[in-house]
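**Q** generate coordinates for the sequence data below:
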Amino acid sequence: MKIAFASDFHFGYGEDALAQAAEALRKAGDEADVVVLAGDLFDSRVPRQEVIHDAIKLLSEHKAKMQEKAVSSGVKVRLLQDGEESVQSVPIIAIYGTHERRTKGLVNVIQILHSAGLVLNVHAATALIEKDGEKVAIQGMGGMPDEFVKRAMDAMDFKPVEGAVNIFVFHQTLKELIPAATECIGAADLPKGFDLYVDGHIHWAQEFTESGKHIILPGSTVITQMKPKEMAPKGYYLYDTASRQLVFKPIRTRPFVYEELTFKEAGSADVEASCRAKLKEIAAAHAGRQPLVRLKLAGTLAKGVSASALDFRGLEAEFADQMQLFIEKEFEGAELKEKIEALRKARGEQASLRDAGVSLLRERLEARASPFAGDEELFSLLAEGEAEAVLKRLLKK
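**A** Down below sits the predicted model:
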């Protein structure tokens, strides 16, 4: 049996998100019996109706093709959930990610797609797939705050299915990937006994083995963070359960170029001239493809020249038809506010202020040993702006 693993489509994050997800689904659907999506299919908890419409249209098309293929090849799918077993016909399996997660009692968009019969949601459930006498069991856990993951995994008590190839799908940060994230889980915390562990959330593809666990991260299919690591190919993994061979399959994407220019006591004219020369070079190398370009400027400026006085609107207009340009000023001594705004623009992040405020509130409540400090549902409601629900919950307490 062949299974494709993709992740982090981020529907709603511009035109590239939809186009490149379509490319991944088309290629994966042609090669695999089953497609598994490891969370963050959408870029927000409550996507706009237009975004949901486009996603439903795309998933409907690929579900129909894969169902037809499943019938002809004899693929059978069952879902085990809450002690009940049901026959299914959806060969697209998914979990929700941290972008889609909503608090208890509120429906997330992956649950909607599941109810519509477009994907099979395996959060706290098991999909059993059979073909030609071979059995594969796929279990999953949706994305959640790092500090609650270990407790949630222990409560769900994931165990491999006897006689099957066992795959565990999740959507979390791992200590092995980001050591500074002190509250997140490590490979040793993952359920034991699975043949393959598939993690979403991190946006660049990678494969490694740690604590005896074979872990893959398909990465995102669209560039959202504009980090140097995102210059690597985007795509999906294809897994042959018989041979246990795993291959990364790249897809066509908009090119991404990350360049750093370092200056020493430069004047504004020198900075602009150097930027223009580099941008002409990039435009020539990617003619007709309109790449994403992040240009980071560092070093020092001449006395009397401030970073805030540098105006790149002329350059942005000059190259507007040749690339999508983001210029980040990181000169020594640059104002902190300017750095933050430049980075936010480069990454295209929009909803961070509310989340940052919620995190700060949590820290202050913990410092005061408040009984509300561990109320995850309260913080989820705050993060979603559900003011009325927050008030009701506080009054109940």
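**Q** check contacts around the nearest residue to residue 291 once chain neighbours are set aside.
**A** Sequence neighbours aside, residue 255 is the residue nearest to residue 291 in space, at 3.8 Å (criterion: C-beta to C-beta, 6 or more residues apart in numbering). Where C-beta positions appear, they are placed from N, C-alpha and C, glycine not excepted. Shown in contact with residue 255 (C-beta atoms under 8 Å, 6 or more residues apart in numbering): 286, 289, 291-292.
**Q** likewise for residue 203?
**A** Going by C-beta under 8 Å, 6+ apart, residue 203 touches 8, 219-220, 223-225, 227, 229-230.
**Q** over to residue 262?
**A** By C-beta under 8 Å, 6+ apart, the neighbours of residue 262 are 298-299.
**Q** need the residues that contact the longest helix along the chain.
**A** Of all segments of type helix in the chain, defined using DSSP state H, the longest is helix 49-73. Residues outside helix 49-73 that contact it (C-beta under 8 Å, 6+ apart) are 11-12, 18, 21-22, 25-26, 29, 33-35, 41-43, 47, 75-77, 89-92, 109, 112-113, 116-119, 131.
**Q** try 6 Å
**A** With C-beta atoms under 6 Å, 6 or more residues apart in numbering as the test, helix 49-73 has contacts from 11-12, 18, 22, 25, 29, 89, 91-92, 118.
**Q** what's the answer for stretch 172-189, then?
**A** By C-beta under 6 Å, 6+ apart, stretch 172-189 touches 146-147, 149-150, 201-202, 210-211, 213.
**Q** helices and strands of this protein: which one has the lowest mean pLDDT?
**A** Using mean pLDDT, DSSP states H and E, helix 336-347 stands out as the lowest-scoring helix or strand of the chain, at a mean of 52.
**Q** surely residue 193 meets residue 160?
**A** Yes - judged on C-beta atoms under 6 Å, residue 193 makes contact with residue 160 at a distance of 4.1 Å.
**Q** those two - which one has more neighbours?
**A** residue 160 (18 against 13; other C-beta atoms under 10 Å).
**Q** so that one touches residue 166, yeah?
**A** Yes - if you go by C-beta under 6 Å, residue 160 and residue 166 touch, sitting 3.9 Å apart.
**Q** between the two, what contacts are shared?
**A** Common neighbours of residue 160 and residue 166 (C-beta under 6 Å, 6+ apart) are residue 194.
**Q** rewinding a little: got CSV for the contacts of residue 203, with pLDDT, distance to residue 236 and neighbour count too?
**A** As requested, the contacts of residue 203 are arranged in CSV below (pLDDT from 0 to 100; distance: C-beta to C-beta, whole Å; neighbours: other C-beta atoms under 10 Å):
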residue, pLDDT, distance to residue 236, neighbour count
8, 98, 11, 29
219, 96, 9, 25
220, 97, 11, 27
223, 93, 16, 26
224, 89, 17, 19
225, 85, 19, 14
227, 89, 20, 15
229, 90, 17, 13
230, 90, 16, 20
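**Q** between these, which is nearest residue 85?
**A** residue 8 (30.4 Å; C-beta to C-beta).
**Q** not counting sequence-adjacent ones, nearest residue to that closest one?
**A** Beyond its immediate neighbours in the sequence, the residue positioned closest to residue 8 (C-beta to C-beta, 6+ apart) is residue 220, lying 3.6 Å away.
**Q** that neighbour and residue 278, how far apart?
**A** Distance of residue 220 to residue 278, given as C-beta to C-beta, to the nearest Å: 26 Å.
**Q** likewise residue 40?
**A** 33 Å.
**Q** just residue 236 next, same as before
**A** 33 Å.
**Q** the two: which has the busier surroundings?
**A** residue 236 (27 against 16).
**Q** so what's the more buried one up against?
**A** Counting by C-beta under 6 Å, 6+ apart, residue 236 has contacts 4, 6, 24, 28, 218, 249.
**Q** tell me how far stretch 288-296 lies from the chain's centre.
**A** Its chain's C-alpha centre and that of stretch 288-296 lie 21 Å apart, by C-alpha atoms, centre = their mean, to the nearest Å.
**Q** how about it: buried residues?
**A** 290-296 (16 or more other C-beta atoms under 10 Å).
**Q** so where do the helices sit in this structure?
**A** Going by DSSP H, the chain shows helices at 14-31, 49-73, 109-115, 146-156, 268-285, 313-318, 336-347, 352-367, 376-383, 387-396.
**Q** just the pLDDT at residue 96, thanks.
**A** pLDDT, residue 96: 97.
**Q** and it, how far from residue 236?
**A** With C-beta to C-beta as the criterion, residue 96 and residue 236 are 19 Å apart.
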